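Enquirer: I need the structure of the sequence given here:
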Amino acid sequence: QVQLVESGGGLVQPGGSLRLSCAASKLTFGEYHMSWYRQAPGKERELVARITTGGTVTYLADSVKGRFTASRDNAKNTITLQMNSLKSEDTAIYYCKAVNPWTSLTYWGQGTQVTVSS
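Expert: I've put the predicted structure just below:
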């Protein structure tokens, strides 16, 4: 079955960096828009970044602009989220999501924990 597997989360000090990856399998990756979401404790899941099938980043949350960079590699069936200048408020579980814009098929990864703390 389709799998989206996030990796790269962990504990980092404020001001530090992390690079998250999401590896997709058992789907035609190039047919899916990909997104990063995050959910902080006690808060709703929020969209962080959206990348079209062609690799254009069409959305980046205001709270992460200038600090986070999203990208995809269709040859490797992966997306990445480079997170710099991390703040405590970036602490959350980060999820990747795949959506086929023609069929609306949607898949979620299991999430990876990011904790920003000194």
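Enquirer: what is the residue positioned nearest the centre of the chain paired to in the beta sheet?
Expert: The residue lying closest to the centre of the chain (CA atoms, centre = their mean) is Trp36, at 2.8 Å. Beta-bridge partners of Trp36, counted by DSSP bridges, are Ala49, Cys96.
Enquirer: so what's it up against?
Expert: Trp36 is in contact with 20, 22, 47-50, 70, 79, 81, 94-97, counting by CB atoms under 8 Å, 6 or more residues apart in numbering. All C-beta atoms are positioned from the backbone trio N, CA, C, and that covers glycine.
Enquirer: which of the residues you listed sits closest to Thr115?
Expert: Checking the contacts of Trp36 against Thr115 with CB to CB, the nearest one is Tyr94 at 10.9 Å.
Enquirer: just the buried ones from the contacts of Trp36, in PyMOL syntax?
Expert: Selecting only the buried entries of these in PyMOL, with 16 or more other CB atoms under 10 Å as the criterion:
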select buried, resi 20+22+48+49+50+70+79+81+94+95+96+97
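Enquirer: could the contacts of Trp36 go into TSV alongside pLDDT?
Expert: Compiled in TSV, these are given as follows (pLDDT from 0 to 100):
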residue	pLDDT
Leu20	98
Cys22	98
Leu47	98
Val48	98
Ala49	98
Arg50	98
Ala70	97
Ile79	97
Leu81	98
Tyr94	98
Tyr95	98
Cys96	98
Lys97	98
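Enquirer: dump the contacts of Trp36 to JSON lines, plus distance to Phe29.
Expert: Shown next, in JSON lines, are these (distance: CB to CB, whole Å):
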{"residue": "Leu20", "distance to Phe29": "17"}
{"residue": "Cys22", "distance to Phe29": "11"}
{"residue": "Leu47", "distance to Phe29": "20"}
{"residue": "Val48", "distance to Phe29": "19"}
{"residue": "Ala49", "distance to Phe29": "17"}
{"residue": "Arg50", "distance to Phe29": "15"}
{"residue": "Ala70", "distance to Phe29": "15"}
{"residue": "Ile79", "distance to Phe29": "9"}
{"residue": "Leu81", "distance to Phe29": "16"}
{"residue": "Tyr94", "distance to Phe29": "19"}
{"residue": "Tyr95", "distance to Phe29": "17"}
{"residue": "Cys96", "distance to Phe29": "12"}
{"residue": "Lys97", "distance to Phe29": "13"}
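Enquirer: that'll do, ta.
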